[in-house]
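> give me a 3D structure for the following:
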Amino acid sequence: MLSVNPVALMSTALTTLATALHPVGGTVAAIVLLTVVVRVALHPLTRAAVRGERARARLAPRLAELRKRHGSNLGRLVEETQLLYRSERVSPYAGVLPMLVQLPLVFVLYRVFVSGHGELARAHAFSVPLDAHLFASVNAFITAGAAGGLVVFGAIVVVLTALAWANARRMAMLMRTNGTTPQGALGTVSRVAPYFLLVSVAVLPLAASVYLVTTTAWSLGENTLLRRGLP
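Got it, this is the predicted structure:
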């Protein structure tokens, strides 16, 4: 029985793409193109998530009535909410599928650059190795006076912060539309959740951070276009 090594497969694909795209960015361009291909493949799931959001927005008054009627009985509230979703053929989890599907890809990309296969081991972005980690390399950047490394990672942090802010704002508006804005500690977690992505910059290789920036920017643009017409 044939076995497929996803790390070796990803390494081969990136090396081939990087060679073909050498005049326009090499390995960085290959990662961006790979991200775009993945997001195009996931587009049907994203459209399904948006249809679910439209359905939940339509059901918001009925959900509010259920919370008013069964707010003191959490078990009954959950049961009635699930019954409503099933009767309307709405999945409350459709929105997280595009994100969950990408997690294995980020892990494989991490393994590719941590293991350092072939040409990828020598790949750079603006003189910074693509296998470099901010958390592990910041001391080396400062000691060696390599300001370029700090500038590159700093730019990624700034871009991801802006994207996280935009996503947090969109998520808050969506929850208000659906009448599901959480309160207390849960509300605080929901507001800061989009910023958890910034933690990954400290521990993932620069290559994975490039993937995250690209896919997050794609998500924001895709969501903005698909959600036109939502309240």
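> residue 104: neighbouring residues, count only.
Residues lying near residue 104 (other CB atoms under 10 Å) number 10. For the C-beta atoms, the positions are set from N, CA and C on the backbone; glycine is no exception.
> please apply the same query to residue 9.
Residue 9 has 12 nearby residues by other CB under 10 Å.
> repeat that for residue 201.
The local packing of residue 201 (other CB under 10 Å) involves 21 other residues.
> need the three-state assignment for it.
Here residue 201 is helix, with the state taken from DSSP: H, G, I helix; E, B strand; the rest coil.
> follow the chain on from the helix or strand residue 49 falls within and name the next helix or strand.
Residue 49 is located in helix 43-70, with elements delineated by DSSP states H and E. Heading C-terminal from helix 43-70, the first helix or strand you meet, by DSSP H and E, is helix 74-87.
> what helices and strands are in contact with that following helix?
Applying 3 or more CB pairs under 8 Å, 6 or more residues apart in numbering; DSSP states H and E, one finds that helix 74-87 contacts helix 43-70.
> shaky segments in this structure?
Where the chain drops to pLDDT under 70, the residues are 1-4, 92-95, 116-121, 135-149, 174, 176-190, 229-231.
> tilt between the biggest helix by length in the chain and helix 43-70?
Longest helix in the chain, counting residues (DSSP state H): helix 147-178. Interaxial angle, helix 147-178 versus helix 43-70 (axes from the mean of the first three to the mean of the last three CA atoms, to 10 degrees): 50 degrees.
> so which elements touch helix 147-178?
helix 43-70, strand 128-129, helix 134-143, helix 184-192, helix 197-203, helix 206-226.
> most tightly packed of these?
Of all the helices and strands packed on helix 147-178, helix 206-226 carries the top mean neighbour count, a mean of 20, counting by mean count of other CB atoms under 10 Å.
> could you report the neighbour count for residue 77?
16.
> try residue 194
Residue 194 has 21 neighbouring residues, counting by other CB under 10 Å.
> name the element residue 12 belongs to?
Secondary-structure element containing residue 12, defined by DSSP H and E: helix 6-20.
> starting at the chain centroid, how far to that helix?
Put simply, helix 6-20 sits 22 Å off its chain's centre (CA atoms, centre = their mean, to the nearest Å).
> and stretch 79-98, by the same measure?
Mean-position distance between stretch 79-98 and its chain equals 22 Å (CA atoms, centre = their mean).
> which ones are touching residue 29?
The contact partners of residue 29, taken as CB atoms under 8 Å, 6 or more residues apart in numbering, are 17, 18, 21.
> sorry, back to before: closest to residue 25 out of the helices and strands packed on helix 147-178?
Closest approach to residue 25 among the helices and strands packed on helix 147-178 (CB to CB): helix 206-226, 10.2 Å.
> and that closest one, what other elements does it pack with?
Applying 3+ CB pairs under 8 Å, 6+ apart, one finds that helix 206-226 makes contact with helix 26-41, helix 43-70, helix 97-115, helix 147-178, helix 197-203.
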